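Build me a model:
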Amino acid sequence: MDITLYRRKTAMVLHEIEYSLGNFILDEDISIEDIPQDIVKNVVARESQRKQFSEIIKPKDIIESTYLDELFSIAIEITKNNSLNEYIQYIRDQFIINDIYNIRNVISHPNRQFVISYWYKVAAIASDPIINILKLDKVHSALISAEENNLSDPPDEWYDKTMWELPNNLPEVFEHGITGLVGRQKEQDLLIDCLKNRRVSNIAIVAPGGIGKTALALDLLSRQVKNPDTKNYFDSCIFSTLKTEKLTSEGVIKLDSIESLIELKDSIVLAANKIYDESYLTYDELCDNKSEEKILLFIDNLETLLINSAKDFEEFTYDLPPAWRVLITSRISIGDARIISLEPLKQKHALHLARTYLLKRNRKNLPEEVLKNLVGKCFNNPLAIRLSIDLYLTGKEIPESISVANKEIASFSYSNLIDALSDISVNILEALFISDNNNRITLCEMLSLSLEEIVESIAQLSNTSLINRNTSEGGEIYSLSESIRELLVTTPRNIHLREKTLR
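Numbering: from 1, shown residues only. Sure thing, here's the model as predicted:
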């Protein structure tokens with residue numbers, strides 16, 4: 001089966017549908033005023049950035065520069081008072097049901113996988129009798145020619161034309177892009193449910209470093225901004241990252257990062273000016289002008305700010321316009337948010353990730369037992385798995401690669417958190433390192449502290465991923481997470497307490 005042939009056939013027919021829909025609109029003899037003015041404004045702003053327009057003269061200028069769903073919106077608007085309206089709406093619904101917007105995007109990106117079903121979905125729409133009712137005759141002609149392999153490729157600019165998407169500044173390249181997101185369908189379903197629920201104002205994805213918080217959010221949002229249905233729950237997405245460092249096989253790389261709430265607000269304004277082609281001078285001005293829009297603020301690696309300014313961030317979210325919402329990723333939980341907790345991958349998904357990563361790096365697969373040992377020793381942590389493989393590919397043996405990766409991951413994930421803890425919280429970590437699975441009373445006895453002091457510090461630790469809490473007949477039992485134990489083996493935080501307790 002020649003996938004390239006089916007990709008060309010799909011492109012040919014889909015291009016004709018778009019072209020014919022544009023001509024359908026122009027045949028209605030409309031003026032600029034008949035086109036929804038929000039679409040006119042968006043097109044002008046977009047094309048002005050590309051230096052395409054010197055002046056808007058006629059509807060044809062708009063039609064030639066619209067995205068696919070904007071064409072449908074115009075067609076629905078100009079036919080709202082005649083019998084063709086329901087048929088236009090029907091065709092648009094079929095585009096959504098059959099995921100044609102995504103197919104259009106895949107066709108425009110040669111490196112994205114094309115699936116044979118894409119051709120049949122587009123062909124089904126092109127052969128629908130409604131196409132005849134709308135007198136889009138050239139669509140059927142293009143379908144027949146494509147079926148006979150008499151192909152005519154769309155012009156290059158059609159492939160280059162950006163796919164419809166909501167205004168956003170999401171990064172185009174993701175760290176997990178080489179393998180795609182693996183083993184997170186349940187969490188993705190939960191995240192999309194939270195986004196669709198307008199009563200959920202703040203959403204927090206919480207997990208230790210390297211588990212895949214950012215990957216989960218970016219993977220889902222990058223698809224949602226290309227889905228017209230997303231406008232039901234947000235109109236645009238502003239992304240800002242507070243990430244301070246990046247872990248690679250060569251060690252930790254420091255990044256220029258946002259360190260205060262003021263800097264965060266400034267970054268939001270800069271992003272908004274780029275997204276909306278505006279010139280807002282202050283954060284307050286942005287909030288006032290966009291107060292009615294459903295804006296999703298996606299703030300990555302928020303723990304950088306929560307460590308020192310948790311109260312300030314609570315006030316920040318409280319003061320947001322009512323229509324705005326916040327999605328964060330963090331190693332620390334926040335109050336007044338719907339929490340989505342990420343656990344390490346299940347073994348089958350961790351193995352799939354390892355195999356895929358090796359394959360994408362153009363290396364032969366390792367024996368199954370070696371891979372099982374690798375993902376197990378990495379505690380099924382996606383970043384640790386990739387880092388271990390990277391180190392192996394640089395020439396290190398598997399055991400050494402795993403050891404180095406785990407030490408780097410532990411330091412990368414937890415050092416900044418531990419540095420921000422109170423002395424009592426650090427001492428509780430040391431006590432749990434010496435004797436795991438303890439309750440509050442035992443910790444009081446080990447550290448010679450009052451129950452109130454232990455309770456307060458346990459509350460602080462519970463907002464992080466440093467300890468695990470389990471309930472038994474004797475109350476709550478606390479233990480260290482495996483990764484933090486790795487860190488405390490090599491870097492004790494209170495060596496005097498450890499020596500004293502061990503005597």
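
Where does the most centrally placed residue in the chain fall, secondary structure wise?
Central residue of the chain (C-alpha atoms, centre = their mean): L218, 1.4 Å from the mean position. If you go by DSSP states H and E, L218 is part of helix 213-224.

List the buried residues of that helix.
213-224 (16 or more other C-beta atoms under 10 Å). The C-beta positions use only the backbone N, C-alpha and C, and glycine is treated the same way.

Now find how far off-centre the helix or strand following that helix is within its chain.
Next along the chain after helix 213-224, taking DSSP H and E as the criterion, comes strand 236-241. Put simply, strand 236-241 sits 10 Å off its chain's centre (C-alpha atoms, centre = their mean, to the nearest Å).

Strand 236-241 vs helix 213-224, what angle?
Strand 236-241 runs at 160 degrees relative to helix 213-224, counting by axes from the mean of the first three to the mean of the last three C-alpha atoms, to 10 degrees.

just checking, what packs against strand 236-241?
If you count contacts as 3 or more C-beta pairs under 8 Å, 6 or more residues apart in numbering; DSSP states H and E, strand 236-241 packs onto helix 261-276, strand 295-300.

any chance you could map the helices in the stretch 251-400 of the chain?
In the stretch 251-400 of the chain, the helices defined using DSSP state H, counting those that start in this stretch lie at 261-276, 283-289, 303-318, 347-360, 368-377, 382-393, 398-419.

Would you check that the residue nearest to the centre of the chain makes contact with N169?
No: if you go by C-beta atoms under 8 Å, L218 and N169 don't touch, sitting 11.9 Å apart.

coming back round to it: and the helix holding L218, what other elements does it pack with?
With contacts taken as 3+ C-beta pairs under 8 Å, 6+ apart, helix 213-224 sits against helix 185-196, strand 202-206, strand 295-300, strand 325-330.

Any stretches of the stretch 101-250 of the chain with poor pLDDT?
159-164, 173-178, 244-250 (pLDDT under 70).

Apart from its chain neighbours, what residue comes closest to P228?
D69 (4.4 Å; C-beta to C-beta, 6 or more residues apart in numbering).

and the one you found, that's in a helix?
Yes: counting by DSSP: H, G, I helix; E, B strand; the rest coil, D69 is located in a helix.

Run a quick neighbour tally on it.
23 (other C-beta atoms under 10 Å).

Contact partners for it?
For D69, the contact set (C-beta atoms under 8 Å, 6 or more residues apart in numbering) comprises 92, 95, 101, 164, 228.

And the second one, how close does it get to L71?
Spelled out, it's F95. 10 Å (C-beta to C-beta, to the nearest Å).

cool, L166 as well?
16 Å.

So for the two, which residue has more residues nearby?
L71 (23 against 20).

Name the nearest residue to the more buried one, ignoring sequence neighbours.
L21 is the one closest to L71 (C-beta to C-beta, 6+ apart), at 5.1 Å.

Now do the buried residues in the helix or strand hosting the one you found.
Applying DSSP H and E as the criterion places L21 in helix 3-26. Going by neighbour count (16+ other C-beta under 10 Å), the buried part of helix 3-26 is 6-22, 24-25.

contacting residues around Y283?
Counted by C-beta under 8 Å, 6+ apart, Y283 has contacts 265-266, 268-269.

For the residues you listed, give me a markdown table that also has distance to I340.
Formatted as a markdown table, the contacts of Y283 follow (distance: C-beta to C-beta, whole Å):
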| residue | distance to I340 |
| --- | --- |
| K265 | 25 |
| D266 | 28 |
| I268 | 22 |
| V269 | 28 |
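
Closest one of the residues you listed to A45?
Closest to A45 out of the contacts of Y283 is V269 (17.1 Å), distances taken as C-beta to C-beta.

Kindly tell me how buried the closest one is, as a neighbour count.
Other residues lying near V269 total 21 when counted by other C-beta under 10 Å.

tell me the pLDDT at it?
As predicted, V269 sits at a pLDDT of 95.

likewise the one 5 residues further on?
Note for K274: predicted pLDDT of 90.

can you check R92 too?
92.

how close does D29 sit to S388?
To S388, D29 is 65 Å away according to C-beta to C-beta.

Domain boundaries for the protein, per the record?
Structural domains assigned to the chain are 3-148, 184-341, 347-415, 421-502, following the TED database.

which one of these lies closest to E157?
Of all the domains of the chain, it is domain 3-148 that lies closest to E157, at 9.8 Å by C-beta to C-beta.

And that closest one, end to end?
One end of domain 3-148 to the other measures 16 Å (C-alpha to C-alpha, to the nearest Å).

Now for I428, how many residues are close by?
Neighbours around I428, by other C-beta under 10 Å: 28.

Distance to H352 and mean neighbour count added to the helices and strands packed on helix 213-224, as a markdown table?
What follows is the helices and strands packed on helix 213-224, written out as a markdown table (distance: least, C-beta to C-beta, whole Å; neighbours: other C-beta atoms under 10 Å):
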| stretch | distance to H352 | mean neighbour count |
| --- | --- | --- |
| helix 185-196 | 13 | 16 |
| strand 202-206 | 21 | 23 |
| strand 295-300 | 25 | 22 |
| strand 325-330 | 23 | 25 |
